[in-house]
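Asks: heads up, no residue letters with this:
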């Protein structure tokens, strides 16, 4: 046994709003791990473990399937006692000790309660938070979908009584920035130079400490940038303010999430165009999942944020498993499941 066997394993928490590109970032990381042996905890919000499937399909030696733990029982920041600790125990019991653990939270997770869990004595003795990384959908922010300054949001609410005075989307987004050690401004290929500069300035104005912003597209960030920050965030909670400081917990009653089966389709482009219309008509925030294309041996990965959609064949269907397509739909409370089901069946 060497000294390394007694050293704390670093853990990177990757957070970010719905569709910001967290899974793409993690996939690029494990495919370019630079010799590190990684383990992943994936916190899928929904009925179908799409993100876990996407990452398992990488099939790279740096992160074998047994090193991937998926938590599908709700937001990880709400279930740290029931789900997080056992997941960590499972990874720590692996025959080969991981060099680094990466946690991809759900889009609705507040990172600070999760960081606090690393102060529990059984966890603190073996693990440390190397960094909290917030992935930002730069194009969405540039379009004004999420305000960066909570004071400006309060002013808007005061001037317009039609604006909802309790917008959890804004609070979650801001809390993720406030807890971050590194902010990834993703999707810059969809922004011009002035938008990148404006969004970066707004983020820095909202975060009351020095945090680096890395501009990227397709989540392509080198492992040496993401890992090894040595922030020890569990010892730095006082410098990570949150809208929820002082609260024992929070809930996500303002969001609904459900999964629907999808039969085989003939025309991917036409199907995705139909999903774009469906998302706009029914205020769907996020759509993701796998779809079978008739006559094709590979499964089609579909991911949409608002009206922006991407799709590609990402790999073969798992051997021995049914070619069963399905999509997860996420929206604010009151999203009309029956209407969405009917619209989907008409595509």
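Replies: On my side now, so go ahead. All figures in this text were calculated on a predicted structure; none of them were measured in a lab.
Asks: Would you mind identifying the next helix or strand past the helix or strand of the chain with the lowest mean pLDDT?
Replies: Least confident helix or strand of the chain, by mean pLDDT, DSSP states H and E, is helix 150-159 with a mean of 37. Downstream of helix 150-159, the next assigned helix or strand under DSSP states H and E is helix 168-178.
Asks: Show me what that following helix is packed against.
Replies: Under the contact definition 3 or more C-beta pairs under 8 Å, 6 or more residues apart in numbering; DSSP states H and E, helix 168-178 sits against helix 111-117, strand 127-137, helix 150-159, helix 193-206. All C-beta spots, glycine's among them, are computed from the backbone N, C-alpha and C.
Asks: Those: lowest mean pLDDT?
Replies: The minimum mean pLDDT among those belongs to helix 150-159 (a mean of 37).
Asks: isn't residue 263 right up against residue 325?
Replies: Yes - Residue 263 lies in contact with residue 325 (C-beta atoms under 8 Å); the separation is 7.0 Å.
Asks: Comparing those two, which residue is more hemmed in?
Replies: More crowded of residue 263 and residue 325, by other C-beta atoms under 10 Å: residue 325, with 20 against 12.
Asks: So what sits opposite residue 101 in the bridge?
Replies: Counting by DSSP bridges, residue 101 is bridged to residue 11, residue 39.
Asks: which is the next helix or strand following the helix or strand where residue 326 lies?
Replies: Assessed by DSSP H and E, residue 326 sits inside strand 325-332. With elements assigned by DSSP H and E, the helix or strand that comes after strand 325-332 is helix 337-345.
Asks: Pop the domain breakdown of the protein in here.
Replies: Per automatic domain parsing, the structural domains of the chain span 3-239, 255-345.
Asks: just those: most buried one?
Replies: Of these, the one with the most neighbours on average (mean count of other C-beta atoms under 10 Å) is domain 3-239, at a mean of 18.
Asks: the helices in this protein, which residues?
Replies: For the chain, helices defined by DSSP state H occupy the ranges 22-31, 50-56, 85-92, 111-117, 121-124, 138-142, 150-159, 168-178, 193-206, 223-226, 268-281, 337-345.
Asks: The spatially closest residue to residue 304 that is not a sequence neighbour bridge partners, please.
Replies: Of all residues not flanking residue 304 in the chain, residue 287 sits nearest, at 4.2 Å (C-beta to C-beta, 6 or more residues apart in numbering). With DSSP bridges as the criterion, residue 287 is bridged to residue 304, residue 329.
Asks: Equivalent analysis for residue 215, please.
Replies: Counting by DSSP bridges, residue 215 forms beta bridges with residue 185.
Asks: Do you know the pLDDT at it?
Replies: pLDDT for residue 215: 95.
Asks: My read is that it contacts residue 189, right?
Replies: No - in this structure, residue 215 is not within contact of residue 189 by C-beta under 8 Å, at 10.0 Å.
Asks: related to what we said a few turns ago, make JSON lines from the helices and strands packed on helix 168-178 and add distance to residue 231 to it.
Replies: Formatted as JSON lines, the helices and strands packed on helix 168-178 follow (distance: least, C-beta to C-beta, whole Å):
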{"stretch": "helix 111-117", "distance to residue 231": "10"}
{"stretch": "strand 127-137", "distance to residue 231": "5"}
{"stretch": "helix 150-159", "distance to residue 231": "24"}
{"stretch": "helix 193-206", "distance to residue 231": "18"}
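Asks: What separation do you get for residue 300 and residue 141?
Replies: Computed as C-beta to C-beta, to the nearest Å, the residue 300 to residue 141 distance reads 28 Å.
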